[in-house]
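Asks: here is my input, please return the structure:
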Amino acid sequence: MRNLTVRMARVSARHPWRALVGWLLFVALCLGVGSAVGTHSAATADYRVGEAGRAEAMAAGGHLERPAAEQVLISARSGALDGSDAPSAARDLTARMKRLPEVAGVAAPVRSKDGNVLMVEVSLKGEERLAKDKVGALVAQTAAVRKAYPTLLLQETGSPSISEGVDRQRGDDLALSEKLTLPVTLLTLLVAFGSLTMAAVPLLLALSSIAAAVGLSMLASHLSPDAGVGTNVILMIGLAVGVDYTLFHLKREREERARGGGRLSTEALVELAAATSGRAVVVSGLAVVASTATLYLASDVIFSSLATGTIVVVLVAVASSLTALPALLTLLGRRAERRALRRASRGKAPRRVRGTDGGRFWSALLRPAARHPLATLSCSLLALASLVLPLSGLKITEMSRDTHSREIPAMRVYDRLNTEFPDRRVAHQVVVRAGAAQADEVAAQLRALARKADADPLFAAGSRVRVSADRRVTSLELRVPHLGNSPQAYDSLEHLRDDYLPATVGRIGGAEYGVTGDVARYTDYPAHQNGKLPLVLGALLLVTFLMTLYAFRSVVLGLIGVVLNLLSAAAALGLLVLVFQHTWAEGLLGFHSTGSIGSRVPLFLFVILFGLSMDYQVFVVSRIREAVLAGVSTRQAVLDGIRRSAGVVTSAAVVMTTVFASFVFLHIIEMKQIGFVLAAAVLIDAFVVRVLVLPSALLLLGERTWWPVRPARAVESAPAPALADVP
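Replies: Presented below is the predicted three-dimensional model:
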């Protein structure tokens, strides 16, 4: 691998302009081809899991699935709803909606219990997932009727308009995130390098990698459909790893330049950086890819989409660091050499190139581990364990529609709909598939089930039975007068599945049955994820161990990597529980606590953090191993390696934390949780694990760190410069 990175860097360094033009053409080609083929979005069927998914598939097979629907509320702008304007407006609205090609049907107007609101429900054609793209035409007709009846207030809500509002809000949030992230990232890099030009290089390469990855992800979506989160994760992960990989490479080139004192050419410095940090970048990238690939084991379209986006952008970022970056370094290095010659001709002293010797700050931070490794390790582990303790109260739920921000207009109308028409808050759909000859028996048992539900206060009146054209599928819709995320709604589903169904439809031989609907989905999805978590986590631990073993040929380091990653993730997850399952931080972070954590957050945290932690692990341990290969003792190699890499790790951690923390400002509660927990995990990993826990553990282990085989000193390696031990 080292030979490969060196050869690629050598070609780019010898032909820098060709390499840069080639990279830009590659980015343009990716975007062009991706735009031409478009994105293949996930269909409704791709989201089906558990019993709810099976029931939904049976309903779709009989054309009995519940259509996406919009509800229009008609009320007086002030006072009670009286006169003939409201019925006239409802008739006008109904006529307009029926003429739209997107509309499948319009139900008769329904008046609220107090008579002050008239509700018109409009059903849309096609898949539920695609309905949000059709809602604009309905909103336009509602606005036209509102204009024709100025004394009336017409408000529209429904799953399609809410989804469209969420998408718009997500787009605005991401734009704000970029406005916050890019300046802070540039400022961090400016502090790290002291040069605007050098600071701009990682940022520009990361942005070009993101652009190429977006195009490639469009192509990849035709193999693994995009769930609408691919671009989000490409922006988040792409900026983080893109800057990190370039940062590792740049820092090493500057360090070698400072050490060489002008004796090495720019091309030689680029090749030297490629042989060291270049190899670490490739290993880190492969580790992130391998770790992220375990998400495919979750058998979930959203996680598959997240995995695809992450893998694509990481591979592109690695490619940019091996091709475009050496070319840029060569051009910048040659410019620096010309400036140095001009200064020399004028009799001026050459400018000092800032290296990365660690400095007093990191020497001070490493002093506890150097002097008292056992005490430092014990205290650090105790502190991390205290953060893990809140995990005992972890509650995982699916974030439902009710958790969306009320800044979305359709959500405020949704709240009013639930208040005025409580019997329409939630509906369970019981679906039964049996032989056509059993249709009458199935219908009779479903009516018996409906009678049981009518006597249960958890259900509302108004059930109906429908039979498919081929009489093989029968459906019963039961209404629940409670919000979808309420305990009563979940209790009603439990009664239905555990008691009423087995006592009625369950008696019919050969019949398949199940319950679907919003509450059923909110129940089955977390259960599905919890069932897959052991498989994914086990594969993740194995991949982490094998990648570390491959990189360093040490079983001990492999085990240490697994344990430290688990500890970092568990501590960050415990901190997430402490913050988001309670209300004390609501005002500080701008959210309303649901008393739970989103079902996707823990699995996403473990997979992404394990991959990103390998960046630090590989980079830090690579520096330690280099020193050991040069004949330095393990103790001195640990102290020097961590001190020399500390500045790079800090800069990388700040960039990553900035990227992830910007997601805390988003309105979507699950994205807030993901941003917070990843930012916390990176900080814990960089400033506690890598500075306190890792050096303490390695110092205590000593030469046993490299078991079963201590790295043999490389004859061709240049001796590492002697560095004083940390005082």
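Asks: what mean pLDDT would you report for stretch 593-609?
Replies: In this model, stretch 593-609 has an average pLDDT of 86.
Asks: do the same with stretch 374-392
Replies: Mean predicted confidence for stretch 374-392 is 93.
Asks: now it, how far from the centre of its chain.
Replies: 27 Å (CA atoms, centre = their mean, to the nearest Å).
Asks: got the contact list for the spatially closest residue to residue 185 that is not a sequence neighbour?
Replies: The shortest distance from residue 185 to any non-neighbouring residue, by CB to CB, 6 or more residues apart in numbering, is to residue 655 (5.3 Å). (Glycine included, C-beta is placed from N, CA and C.) Applying CB atoms under 8 Å, 6 or more residues apart in numbering, we find residue 655 in contact with 185, 188, 189, 239, 240, 243, 244, 247.
Asks: got it, and residue 599?
Replies: Residue 599 neighbours (CB under 8 Å, 6+ apart): 396, 397, 398, 399, 525, 526, 529.
Asks: now residue 444: how far from residue 461?
Replies: Residue 444 sits 19 Å away from residue 461, going by CB to CB, to the nearest Å.
Asks: over to residue 221?
Replies: From residue 221 over to residue 461 the distance is 45 Å, taken as CB to CB.
Asks: more neighbours, these two?
Replies: residue 221 (22 against 11; other CB atoms under 10 Å).
Asks: got the phi and psi for that one?
Replies: Main-chain dihedrals, residue 221, degrees, to the nearest 10: phi -60, psi -20.
Asks: look up the closest residue to it, ignoring the ones flanking it.
Replies: residue 40 (4.4 Å).
Asks: what does residue 418 give?
Replies: Nearest to residue 418 is residue 425, by CB to CB, 6+ apart, at 5.1 Å.
Asks: who touches residue 142 in this structure?
Replies: 72, 93, 154, 156.
Asks: state the number of residues packed around the second one.
Replies: Taking other CB under 10 Å as the neighbour definition, residue 93 ends up with a count of 27.
Asks: A helix includes it, no?
Replies: Yes: using DSSP: H, G, I helix; E, B strand; the rest coil, the secondary structure at residue 93 is a helix.
Asks: just give the nearest non-adjacent residue to residue 126, would you?
Replies: residue 134 is the one closest to residue 126 (CB to CB, 6+ apart), at 7.3 Å.
Asks: what pLDDT does that neighbour get?
Replies: 88.
Asks: now do the phi/psi pair for it.
Replies: Taking degrees, to the nearest 10 as the convention, residue 134 sits at phi -100, psi -10.
Asks: name the nearest of the contacts of residue 599 relative to residue 587.
Replies: Closest to residue 587 out of the contacts of residue 599 is residue 399 (20.4 Å), distances taken as CB to CB.
Asks: any idea how far residue 548 is from residue 633?
Replies: For residue 633 relative to residue 548 (CB to CB), the value is 22 Å.
Asks: ok, back up a step: what about the residue nearest to residue 418, how many residues nearby?
Replies: The number of residues near residue 425, taken as other CB under 10 Å, comes to 21.
Asks: that one and residue 485 touch, don't they?
Replies: No: here residue 425 does not reach residue 485: they are 10.5 Å apart, not a contact under CB atoms under 8 Å.
Asks: from residue 477, how far out is the residue nearest to residue 418?
Replies: 13 Å.
Asks: just the helices from the stretch 251-400 of the chain, written as ranges.
Replies: When assigned using DSSP state H, counting those that start in this stretch, the helices of the stretch 251-400 of the chain occupy the ranges 266-273, 279-293, 301-322, 324-345, 359-371, 373-388.
Asks: residue 147: which of the ones you listed is closest?
Replies: helix 301-322 (40.0 Å).
Asks: need phi/psi at residue 632.
Replies: phi -80, psi 150.
Asks: so it sits right up against residue 640, yeah?
Replies: Yes: assessed by CB under 8 Å, residue 632 is found in contact with residue 640 at 7.1 Å.
Asks: of those two, give the one with the bigger neighbour count.
Replies: residue 640 (25 against 21).
Asks: what's the helix or strand for the more buried one?
Replies: helix 634-661 (DSSP states H and E).
Asks: distance of the residue most central in space within the chain relative to residue 183?
Replies: With distances taken as CA atoms, centre = their mean, residue 233 lies nearest the centre of the chain, 5.3 Å away. Using CB to CB, residue 233 is found at 22 Å from residue 183.
Asks: residue 164 now?
Replies: 31 Å.
Asks: of those two, which one has the most company?
Replies: Using other CB under 10 Å as the criterion, residue 164 and residue 183 rank with residue 164 on top: 20 against 11.
Asks: okay but the more buried one is in contact with residue 134, surely?
Replies: No: at 9.4 Å, residue 164 does not count as touching residue 134 under the criterion of CB under 8 Å.
Asks: quick one, helices of the stretch 101-250 of the chain?
Replies: Under DSSP H, counting those that start in this stretch, the stretch 101-250 of the chain gives helices at 135-148, 159-193, 196-220, 230-260.
Asks: compute the inter-axis angle for the last one and helix 634-661.
Replies: So that's helix 230-260. On the basis of axes from the mean of the first three to the mean of the last three CA atoms, to 10 degrees, helix 230-260 is oriented at 140 degrees to helix 634-661.
Asks: make 17 the starting number, not 1.
Replies: Got it, the first residue is 17 from now on, which makes the last one we talked about helix 246-276.
Asks: list the buried ones in helix 246-276?
Replies: For helix 246-276, the neighbour count (16 or more other CB atoms under 10 Å) marks 246-273, 275 as buried.
Asks: with stretch 556-575 instead?
Replies: Going by 16+ other CB under 10 Å, stretch 556-575 has these buried residues: 556-557, 559-561, 563-565, 567-570, 572-574.
Asks: swap in stretch 577-594?
Replies: 577-578, 580-594.
Asks: same question for stretch 416-432.
Replies: Buried, per 16+ other CB under 10 Å, within stretch 416-432: 416, 417, 418, 419, 420, 421, 424, 426, 427, 429, 430, 432.
Asks: just the residues you listed now: which is nearest residue 508?
Replies: Distances from residue 508 to the buried residues of stretch 416-432, taken by CB to CB, are shortest for residue 416, at 14.8 Å.
Asks: contacting residues around that closest one?
Replies: Contacts of residue 416 by CB under 8 Å, 6+ apart are 500, 501, 534, 538.
Asks: thinking again about what came up before, how far away is the residue nearest to the centre of the chain from residue 242?
Replies: Distance from residue 249 to residue 242, by CB to CB: 11 Å.
Asks: list residues touching both of these two?
Replies: Here residue 249 and residue 242 have residue 321 as joint contacts, going by CB under 8 Å, 6+ apart.
Asks: mean confidence score for the helix holding residue 656?
Replies: The model assigns helix 650-677 a mean pLDDT of 82.
Asks: quick one: it to chain centroid distance?
Replies: With CA atoms, centre = their mean, you get 24 Å for helix 650-677.
Asks: how about low-confidence regions in this protein?
Replies: 17-18, 99, 276-278, 353, 356-357, 359-375, 728-743 (pLDDT under 70).
Asks: rewinding a little: and the contacts of residue 671, which two are furthest apart?
Replies: 205 and 256 (13.1 Å).
Asks: residues near the nearest residue to residue 580 once chain neighbours are set aside, how many?
Replies: The shortest distance from residue 580 to any non-neighbouring residue, by CB to CB, 6+ apart, is to residue 705 (5.2 Å). A total of 23 residues lie near residue 705 under the criterion other CB under 10 Å.
Asks: can I assume residue 705 sits in a helix?
Replies: Yes: assessed with three-state DSSP, residue 705 lies in a helix.
Asks: show me what contacts residue 625?
Replies: Residue 625 touches 581, 584, 585, 588, 694, 697, 698, 701, counting by CB under 8 Å, 6+ apart.
Asks: do you know how far the second one is from residue 384?
Replies: Residue 584 sits 19 Å away from residue 384, taking CB to CB as the criterion.
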